[in-house]
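**Q** Sequence first, then the predicted structure:
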Amino acid sequence: MLIFKPSHRLWCSVWPVLSLNPSTRFMANTLSIAGGLAVVSADRVPDPQPAAPPTPAFDESEPDHAHFGGPAPPPSPATPPTSKYMPLSSQSGQQHAQSSPISSRPPFNGTEYRLKRLVIRPAELKVEGVLLVAMVIYALISYHGKRKNQNSVSLWLNSHAEFLSKEFSQVGTGSPKGYSANGPAQFYGYATGRKGCKSLNIRFCLRPRQDIPFMIYEEIRAAIDFGWTGKSDRLELAWDLSPINQQNTFDVKDYFVWALVEKRVMNSIRQERWDVGTFTELKESSLLPSQLVFMSESGEITDQISKSRALGFSELLKSHPSSLSWFDSLVLSGTPSSQPPLSQLPLPSTPIKRTLTLRLRLPTRDHMLDSLPLIQFCFNLIDSLDRAISLTPVLINKLMRRRTEVCNLILDETRKEEERIKEEERRKKLKSAQDEKIAKMSASEQKKHDERERKRNATKMGKIAMKHR
């Protein structure tokens, strides 16, 4: 049923006027269409109604627990909703928490010290603590050993400074301490300015007390090797003698070698010094204590030194026996202590250098002056040497003949060694040339060559066997 409203009546009255004008006909058609749509939309669209509540649908396959009288199952826990727009920081944190393992280490309940980010736990540093304590102990022992060596050297020099100052015009190396050090175990002193003596070189060879492993090695070796003399502090005084004649040159008789040695170090002296091991002979004497022995080229030289009143050798043995407890050796020599090179052979007609060497075991603090009589005897020997010792022409010729024989023997051995080396080089060259020649041969020629060598070696072995029969 079509119902006309007031708006419809107005449109019916206006329509005939608009339709008569062609220019307004299109507008009228348009308005009519719009008006019709408005009427349809206004009349036919129903007003919104409230929605009916949904009716729940039950799955008939599931058993009705209420119908059978059984209890309903407990509801499953709800899963929290996750948004795909969750921030990246929270997502990465959750992933890291899921991927990182949970530490099973129990919490530390001991003593610890914290310094910002640094945490020190003594209970976990036992090995490091032991090593640290060992290093500290080693450093303290090394420092104490080094200081002990320095104090021993200073004590000896200070106790003998007055005596040395009377003998020499200059004492000391120029350093504030009065000595020079070559490491923690070797020290040197010096004195010069005396008649008959160019200089005095003092050398201290002490035990390496700063080196604990080497000290242990010395203790073990001393317990095994009874002839070893390394486990003690050593002192060496070496006088460089000067000629006292007007020509300022030594004589032929100054070539001789004489030594007073303790038997305990006799073999080591022979090995260390070429002059003592080559030219001297062992000579016993009733004047000496049982632990001492003479080593000289001639008994005549030994008698003159031991019986001279100017030297005071007999008085030294009788009046100062305590000084001999620190004595090792005393060597007077005009021959080089080490074997001279070939360029210095044969030896010149007169010696170039003459030395007097005294070796002692360094006395302890309470017995530091016990060795002073031995040093005094050395100065007496320097001053009275030319007057106390006079060699006969026969003995001088014997000394020179012996040195000529030794020099010729050294030259012959050197010449033979050089010839042996040249012969060995010549054989190497021949062998290399023969190997090159064999390498260039064919297989058949090499086989023939090997057969000839085999027959030659068999013949040679047969001849050697016949000789031994």
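**A** Alright, I've got the coordinates.
**Q** List the residues that contact the closest residue to residue 351 other than its chain neighbours.
**A** Computed as C-beta to C-beta, 6 or more residues apart in numbering, the closest residue to residue 351 that is not its neighbour in sequence is residue 334, at 3.7 Å. The way it works is simple: take the backbone N, C-alpha and C, and place the C-beta from them, glycine included. Residue 334 is in contact with 250, 254-257, 351, 353-354, counting by C-beta atoms under 8 Å, 6 or more residues apart in numbering.
**Q** Check residue 334 and give its pLDDT.
**A** At residue 334, the pLDDT value in this model is 92.
**Q** Please apply the same query to residue 406.
**A** 92.
**Q** quick one: it is in a helix?
**A** Yes. With DSSP: H, G, I helix; E, B strand; the rest coil as the criterion, residue 406 is located in a helix.
**Q** Isn't it up against residue 277?
**A** No. Between residue 406 and residue 277 there is no contact under C-beta atoms under 8 Å: 11.2 Å.
**Q** and those two? which has more neighbours close in?
**A** Per other C-beta atoms under 10 Å, whichever of residue 406 and residue 277 has more neighbours is residue 406, with 18 against 15.
**Q** What is the neighbour count of the residue lying closest to that one once chain neighbours are set aside?
**A** Using C-beta to C-beta, 6+ apart and skipping the chain neighbours, the partner closest in space to residue 406 is residue 278 (6.0 Å). A count of nearby residues for residue 278, using other C-beta under 10 Å, gives 16.
**Q** Residue 278: which element?
**A** Using DSSP states H and E, residue 278 sits in helix 274-279.
**Q** to the chain's geometric centre, what's the distance from that helix?
**A** 37 Å (C-alpha atoms, centre = their mean, to the nearest Å).
**Q** Then stretch 137-146?
**A** 18 Å.
**Q** Torsion angles phi and psi at residue 191?
**A** Backbone dihedrals for residue 191, given as degrees, to the nearest 10, come out at phi -150, psi 150.
**Q** Beta-bridge partners for it, please?
**A** Counting by DSSP bridges, residue 191 is bridged to residue 171, residue 200.
**Q** follow-up on the earlier one: beyond the helix holding residue 278, next helix or strand please.
**A** strand 281-283.
**Q** Pull out the buried residues from that next one.
**A** Neighbour counts over strand 281-283 (16 or more other C-beta atoms under 10 Å) mark residue 283 as buried.
**Q** List the neighbouring strands of that strand plus their orientation.
**A** Short version: by DSSP bridges, strand 281-283 pairs with strand 292-296 (antiparallel).
**Q** Contacts for the strand it pairs with next, please.
**A** Under C-beta under 8 Å, 6+ apart, the answer for strand 292-296 is 256-263, 266, 269, 276, 280-285, 288, 302, 306, 324, 327.
**Q** after it, next one along is what?
**A** Defined by DSSP H and E, the subsequent element after strand 292-296 is helix 299-307.
**Q** got the angle between that next one and strand 292-296?
**A** Relative orientation of helix 299-307 versus strand 292-296 (axes from the mean of the first three to the mean of the last three C-alpha atoms, to 10 degrees): 140 degrees.
**Q** Following the chain past helix 299-307, name the next helix or strand.
**A** Assigned by DSSP H and E, the successor of helix 299-307 is helix 313-319.
**Q** Residue 250 belongs to a strand, doesn't it?
**A** No. Assignment of residue 250 by three-state DSSP gives coil, placing it outside any strand.
**Q** gap between it and residue 394?
**A** According to C-beta to C-beta, to the nearest Å, residue 250 stands 20 Å off from residue 394.
**Q** who has more neighbours, the two?
**A** For residue 250 versus residue 394, the count of surrounding residues by other C-beta under 10 Å is larger for residue 250: 20 against 9.
**Q** Need the nearest residue in space to the more buried one, chain neighbours excluded.
**A** residue 351 (4.7 Å).
**Q** Roughly how far does that neighbour sit from residue 243?
**A** Counting by C-beta to C-beta - residue 351 and residue 243 are separated by 10 Å.
**Q** can you list residues touching both of the two?
**A** With C-beta under 8 Å, 6+ apart as the test, residue 351 and residue 243 both reach 250, 254.
**Q** which of these two has more neighbours?
**A** Under the criterion of other C-beta under 10 Å, the comparison of residue 351 against residue 243 puts residue 351 first, with 22 against 16.
**Q** thought the more buried one was touching residue 335?
**A** Yes. With contact defined as C-beta under 8 Å, residue 351 reaches residue 335; the gap is 6.9 Å.
**Q** hey, what's in contact with both of the two?
**A** Applying C-beta under 8 Å, 6+ apart, one finds that residue 351 and residue 335 are jointly contacted by residue 255.
**Q** that older thread, which one of the contacts of residue 334 is nearest to residue 298?
**A** residue 256 (7.2 Å; C-beta to C-beta).
**Q** The nearest residue to the closest one once chain neighbours are set aside and residue 262: what is the separation?
**A** Spatial nearest neighbour of residue 256, excluding adjacent residues (C-beta to C-beta, 6+ apart): residue 297 at 5.3 Å. Going from residue 297 to residue 262 by C-beta to C-beta gives 20 Å.
**Q** What of residue 387?
**A** Note on residue 387: its distance to residue 262, by C-beta to C-beta, is 28 Å.
**Q** higher neighbour count, these two?
**A** residue 262 (19 against 10).
**Q** just to revisit the earlier point, phi, psi for the residue nearest to residue 250 please.
**A** When read as degrees, to the nearest 10, the backbone of residue 351 gives phi -70, psi 150.
**Q** Run through the stretch 151-300 of the chain and note the low-pLDDT ranges.
**A** 246-247 (pLDDT under 70).
**Q** show me where it has strands.
**A** 170-171, 180-181, 186-194, 197-205, 234-241, 257-262, 281-283, 292-296 (DSSP state E, counting those that start in this stretch).
**Q** Which stretch among the ones you listed is buried most, on average?
**A** Among the strands of the stretch 151-300 of the chain, strand 257-262 has the highest mean neighbour count (mean count of other C-beta atoms under 10 Å), at a mean of 23.
**Q** How about residue 214: what's its closest non-neighbour residue?
**A** Residue nearest to residue 214 in three dimensions, not counting chain neighbours: residue 208, with 5.1 Å by C-beta to C-beta, 6+ apart.
**Q** my read: that neighbour touches residue 186, true?
**A** No. Using C-beta under 8 Å, residue 208 is not in contact with residue 186; the gap is 9.4 Å.
**Q** Now residue 261. Nearest residue, chain neighbours left out?
**A** residue 329 (4.6 Å).
**Q** Check whether that neighbour really touches residue 359, as I assumed.
**A** Yes. Shown here, residue 329 and residue 359 form a contact pair, counting by C-beta under 8 Å, at 4.8 Å.
**Q** any idea how far residue 295 is from the residue nearest to residue 214?
**A** The value you get for residue 208 to residue 295, if C-beta to C-beta is used, is 30 Å.
**Q** can you redo the contacts of residue 334 as TSV with distance to residue 445?
**A** Formatted as TSV, those follow (distance: C-beta to C-beta, whole Å):
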residue	distance to residue 445
250	71
254	71
255	66
256	69
257	65
351	66
353	66
354	70
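**Q** In terms of distance to residue 180, which of those residues ranks first?
**A** residue 353 (22.5 Å).
**Q** Can you name the residues that contact that closest one?
**A** Neighbouring residues of residue 353 by C-beta under 8 Å, 6+ apart: 240, 334, 336.
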